[in-house]
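Trainee: Please find the sequence and the predicted model below.
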Amino acid sequence: MIIKNLTVRFGAFTAVDDVTLEIPDGAIVGLVGESGSGKSTLARAVSGLVPYTGVVEGVDPSRVQMVFQDPLTSLDPRMTIGASVAEGLRLPRAARQAEVERLLTLVSLPVALAERYPRELSGGQRQRVAIARALGVRPALLIADEITSALDVSVQGAVLNLIRSLREEIGLSMLFISHNLAVVRYVSDVVAVMHRGRLVEAGPTEEVVKAPSDAYTRSLLDAVPRLARS
Amino acid sequence: MRHLLRTPAGIAGTLLVALMVILAIAGPLIWGAEAERIDSAVILQGASAAHPLGTDNLGRDILARVLVAGRLSLTLAMIATLIGATAGVILGALPSVLPRRGARLVTGTVNALVAFPGLLLAMFTAVIAGLGARGAVLGIGAAIAPGFARLTQTLAASVAGADYVAVARMLGVSRWRVMTRHVLPNIAEPLILQLTQVLGGALLALAGMSFLGLGVQPPSFDWGRLLFDGFGRIYATPAVALGPAAAIALAGIGFNLLGDVLARAASRRATPTDAAAGRAVPEVGELGEPDPDAVLEVRDLTVTFPGGVTPVRGLSLTIAPGEIVGLVGESGSGKSLTAAAIGGLVPYPGEVSAGRLRMCGADVRELPEDECRKLLGTSLAMVFQDPMAALNPALKVGGQLAEVATVHQGASRAEAFARAVDRLEHVRIPEPAARARQHPHELSGGMRQRAVIAMGLMGAPRLIIADEPTTALDVTVQREILRLLREVTDETGAATLFISHDIAVIGELCHRVVVMYAGRVVEELPVGELASGAAHPYTRALVASLPDMETDRSLPLASIPGRQPSPAEVPGGCAFADRCELASAKCAELPPLIPYRAGHRVACWEAK
Amino acid sequence: MAESLRPSAAGPSAEGGRAGRRRLAGRALGRVRGGFVLRRVVRFVVSLAVLLVASFAMMHLIPGDPVRASLGPAAPVELVAARRAALGLDEPILSQLLSYVGNVFRGDFGTSFLSGEPVREIIASRLPNTVGLALLATAAALLVAVPLGMWAAIRTENGRNRGTEVTFTSATGAAIAVPEFLYSIALVTVFAIGLRWFPPAGKAGPVSYVLPILSLAISPTAMIARISRVETLRELGMDYVRLARAKRLPAARLYFRHVLPNTLTATLTVGGLLLGALIAGSVLVEYVFAWPGLGLRVVESITQKDYPVAQGVILVYGAIVLVVNLLVDLLLGVLDPTSKLKET
């Protein structure tokens, strides 16, 4: 799919300014930028939550799904995990149970969790439930918006591993948004950098990270805190 | 139900409301005849043994009439509430169903109506509908509706803005189903609970209308009407007004207290209750002589909360001048409470105990109050996570900085302000004099964090405690703040305690790293050994699970199974044993923090 | 320089979070302030127009003929017809509305059916008594409630002093639940009839104000004290308070200079809105104390079906409430640079 000349304005303020970006089938495109860069607004525009001008080609808007930063607020506190995951399924009632089980297994969660409520799960588990629910409608594109920002490091690894295995196993196309360049580098095939509403650089991950062409990308790379490994 | 009976207010409210309901059901059956019996021999009497509250102009017993009137008072109030609540919910839900323009019209009308006091709306309606119970009930109903509509709207809007509604929309769930499945169930409870209070209000308003002679008309009577009759005779026989007045007051108080308690129960339901668990055993060790060079020396610091919750367990820490020590741990490890305990900021009912708590050469617990105040006010600087919340939004930046100098150092306002501008310039805030005259919201996040650091520099800082100071900032801003912190430490020779969940940031800034897990220090090591020389399996797993710019992308990331025990359920032995690959039988016993190499200590039986 | 004010995608987007949104609100202030005043004034004018139409419609919504209803079935047909003509009730509805609005703006509210007095004079002679009572009661409530709420908050911070908390919430809960007319009756019975310290009714000198003001002020005091406590508790939990405590500022300075200004917005908003409710509540209190205000008159006019008086007085009440709300909003807009009100 390809996003062409997408622009989002809030009154006089241009949040996303003429962005063109291709997301190849089965690839993970990482989108980095700081707060106010417009990356989340771009995501909301592509998933149809915010009005925009420009075109999004090659994907049915109803088959774009989004996973949010805080899994606790993105799950209805009054619905069981099973009911939440089943909600979007367009399947006969009888087939739902099996599909919910398949989805939970896909994100490496025990099937027994279907009976539980969101507050009974850990942060990492809740985020995996949110991913399972999004996968239920067999999305053509999954948008992950800062999905590991609210998680502890020791749990983050498991969610990132899941994202990579999903791409390998079911060929999922994904727009992976994060402010953390190291995380984006780890999961993405292509990295795109946004700054003040504009797309300043996009290219294969290693290329962008090793030889950035844009000055802003360079300053972003310089700012990443590094643990001196010997 | 347990919520209701836990507080005196809840008990009183429940009892009063129960009493009112019983009275409404049984009152007319028991005292109905008595209330209607006319006795020309005892007209307009005051209190007597036969008629404790006196009699009315037809010689009827007022006490019996008060007991009977409860049914009509309550019934009318319920009808008014029903009318008002139904109209309110419809008005409140309409905007989420109507097209944009219609929705705005409804919202605007509700907003305009909410501004008018209920009694005014009620009188207006009563004029049109005519004097009497019907007019009053319709009027009170009309007066209830706007407030209820506003409440419905606010609640629905807050639910509609939730991420899970956005997700449901994306999943293709219909508008109707979103309303019935997600929005209504999540707002029904507060709405229903609100009804108790609305019912109480309706009862009082109806009593007021009847009292003015605008409500129930004879021969019917409610409490308000009885009060109306009694009020005329208040100079001669005050007792006749007592009965209806007391009935109205008790009913009002009952419904209000109950409504209050119910509303609070609903808002608290979201928070989980703490599991009680065993007490923490304080770890007693040899204190030895205080370290004369250390700026901060803490021995066996423990923070406990009631119910056996012990987030910090026997922590010891020493920081030398000019040294930056990083305290790293995941959420719930107790690192922020450690900072709060050192700064004397642990919230009630937390209790801090320590074998030693020396700061800047003195044990702060032994210093007299005002000396301690002065010492810490000028030599301790703290920086918190949210730079917006750390500055007072109502005061100008310069004034907030200057305060330290005027309060603790006796500087004049002009001197203090000049120093504030100088300090702002020192942390490289452009146009410091102009910025000092601005309010915090006019500064960017990074600049606000600089201003907080500048505030710490107003005195002569010897200890800087920074609790996740860059977590809310962008990486490019983070880098500048880290650089500033390092410069300030070098320049002032202050000791810095830097707290973060981000091991990479710690690795970049600090000289020494202290790793916390479940309230205890599990490892303490020079920063150079963090990446490849860590001895504790938890530290090693933490480093391995962190992707950085060199991580091999073809390998899966490490992650630690299970989760950190909560501060209430930390086991007696090694807290990490459940998640540890190396765990052995020995780990049931608590490993002490012992020297491992030079400047490196670890608390693990298996560390080699 | 990255520190300069960055454009922020706050607002509808999720980025930037709370801080970003506030930052945007803050920076946009210069532009917004003019717009904010204008929006509030427009809202006021619209509400006033709705009020005018409603009070006009009141006369027409009364079932049957208001003149006949007022004069009673025995009144001669000619008299009813003459009255109707004098009121212009036989003209087309739109021209009636226009002339009604025109008359109101000229200060002509019609004449009483019963006494023949111009309604304007009734209002002019009685309005000051009602407004004076309401303003004094509001001032009394604010003066007592704000410090009371702050004190309770400081004593009960983080759930300490459970006893104080329970007492405070129960006492204020009970005080809110009892309506003002019961307070008036109780106060009259005890202090006027029983102890004879104050006059039981009428307006005669400063002493006669005491009981009516007390009756009106008790519930609002309890309500404002609760708001003041909640607001103070919220501020006490903020980082700037922790920072001020870390700086070891003296308690008085912390509470009065740092915390109080941040609690006043919400407290004054509620205080302002209560002033409206208080004006309405004064109807009952005036009735008990036979206070020569508008309230007493509106009750009489409704029971006696003196519709022009009821119409005029209700209109004036509504207009007062609207003006008070407008003034409170504008005042807050000036006082509080970060007021959240501006975003709506």
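Mentor: Perfect, thanks for sending it. Numbers count the residues shown, from 1 in each chain, chains lettered A, B, ... in the order given.
Trainee: residues touching residue B:402, list them.
Mentor: For residue B:402, the contacting residues are B:411, B:413, B:416, B:417, B:419, B:420, B:458, by CB atoms under 8 Å, 6 or more residues apart in numbering or on different chains. Glycine gets a C-beta too; all of them are placed from N, C-alpha and C.
Trainee: Show the buried residues in those.
Mentor: The neighbour-count test (16 or more other CB atoms under 10 Å in any protein chain shown) marks B:411, B:416, B:417, B:419, B:420, B:458 as buried among the contacts of residue B:402.
Trainee: how close does the third one sit to residue B:387?
Mentor: Using CB to CB, to the nearest Å, one gets 22 Å for the distance from residue B:417 to residue B:387.
Trainee: Same question for the fifth one.
Mentor: Distance, residue B:420 to residue B:387, using CB to CB: 17 Å.
Trainee: Please apply the same query to the fourth one.
Mentor: For residue B:419, the distance to residue B:387 under the criterion CB to CB works out to 21 Å.
Trainee: How about residue A:115: what's its closest non-neighbour residue?
Mentor: Of all residues not flanking residue A:115 in the chain, residue A:80 sits nearest, at 5.9 Å (CB to CB, 6 or more residues apart in numbering or on different chains).
Trainee: now, which of the buried ones among the contacts of residue B:402 lie within helices?
Mentor: Per DSSP state H, helices hold the following members of the buried ones among the contacts of residue B:402: B:416, B:417, B:419, B:420.
Trainee: who touches the closest residue to chain A within the stretch 51-200 of chain C in this structure?
Mentor: Nearest to chain A in the stretch 51-200 of chain C, going by CB to the nearest CB, is residue C:159, at a distance of 22.3 Å. Neighbour list for residue C:159: B:348, B:349, C:165 [criterion: CB under 8 Å, 6+ apart].
Trainee: For ChimeraX, write a command that selects the buried ones of these.
Mentor: Restricted to buried positions by 16+ other CB under 10 Å, the ChimeraX selection for the contacts of residue C:159 reads:
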select /C:165
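Trainee: From the contacts of residue C:159, pick the one nearest residue B:399.
Mentor: Nearest to residue B:399 among those, counting by CB to CB, is residue B:348 at 29.0 Å.
Trainee: hang on, that closest one packs against residue C:156?
Mentor: No - using CB atoms under 8 Å, residue B:348 is not in contact with residue C:156; the gap is 9.6 Å.
Trainee: Report the secondary structure state of the residue in the stretch 401-550 of chain B that chain C sits nearest to.
Mentor: Proximity of the stretch 401-550 of chain B to chain C (CB to the nearest CB) peaks at residue B:441, 3.2 Å away. Here residue B:441 takes the helix state, with states given by DSSP: H, G, I helix; E, B strand; the rest coil.
Trainee: How many neighbouring residues does it have?
Mentor: 19 (other CB atoms under 10 Å in any protein chain shown).
Trainee: So the helix or strand hosting residue B:166, near chain C or not?
Mentor: Here residue B:166 sits within helix B:163-170, counting by DSSP states H and E. No - Helix B:163-170 is not in contact with chain C by CB under 8 Å from any CB of the partner chain; minimum separation 8.7 Å.
Trainee: Can you tell me what sits against that helix?
Mentor: A:47-49, A:64-66, A:68, A:70, A:73-76, A:84, A:87-88, A:130, A:133-134, B:159, B:177-178, B:181-183.
Trainee: For chain A, what lies in contact range of chain C?
Mentor: Close to chain C, as judged by CB under 8 Å from any CB, chain A has residues A:10, A:13, A:15, A:35-41, A:44, A:50, A:68-69, A:145, A:196-197.
Trainee: Close to chain A: what parts of the stretch 151-300 of chain B are there?
Mentor: B:162-164, B:166-173, B:181-182, B:185-186, B:270, B:272.
Trainee: Kindly recompute the last result at 10 Å.
Mentor: Within reach of chain A by CB under 10 Å from any CB of the partner chain, the stretch 151-300 of chain B has these residues: B:159, B:161-173, B:177, B:181-182, B:185-186, B:188-189, B:269-270, B:272.
Trainee: From those residues, list the buried ones, please.
Mentor: For those, buried by 16+ other CB under 10 Å: B:159, B:162-171, B:173, B:181-182, B:186.
Trainee: Farthest pair within the residues you listed?
Mentor: Once CB to CB is applied, those give B:170 and B:186 as the farthest pair, at 18.5 Å.
Trainee: Point out where chain C drops to low pLDDT.
Mentor: Scanning chain C for pLDDT under 70 picks out C:1-34, C:335-344.
Trainee: er, chain A I mean
Mentor: Those would be A:229-230, if you go by pLDDT under 70 across chain A.
Trainee: nearest residue to the residue in the stretch 1-150 of chain B that chain C sits nearest to other than its sequence neighbours?
Mentor: Closest to chain C within the stretch 1-150 of chain B is residue B:117: 3.5 Å, counting by CB to the nearest CB. Of all residues not flanking residue B:117 in the chain, residue C:280 sits nearest, at 3.5 Å (CB to CB, 6+ apart).
Trainee: Kindly report the same for residue B:352.
Mentor: residue B:341 (4.7 Å).
Trainee: The one you found and residue B:302 touch, don't they?
Mentor: Yes - with contact defined as CB atoms under 10 Å, residue B:341 counts as touching residue B:302 (8.7 Å).
Trainee: Touching both of those two, which residues are there?
Mentor: Common neighbours of residue B:341 and residue B:302, counting by CB atoms under 10 Å, 6 or more residues apart in numbering or on different chains, are B:311, B:312, B:315, B:334, B:351, B:352, B:353, B:354.
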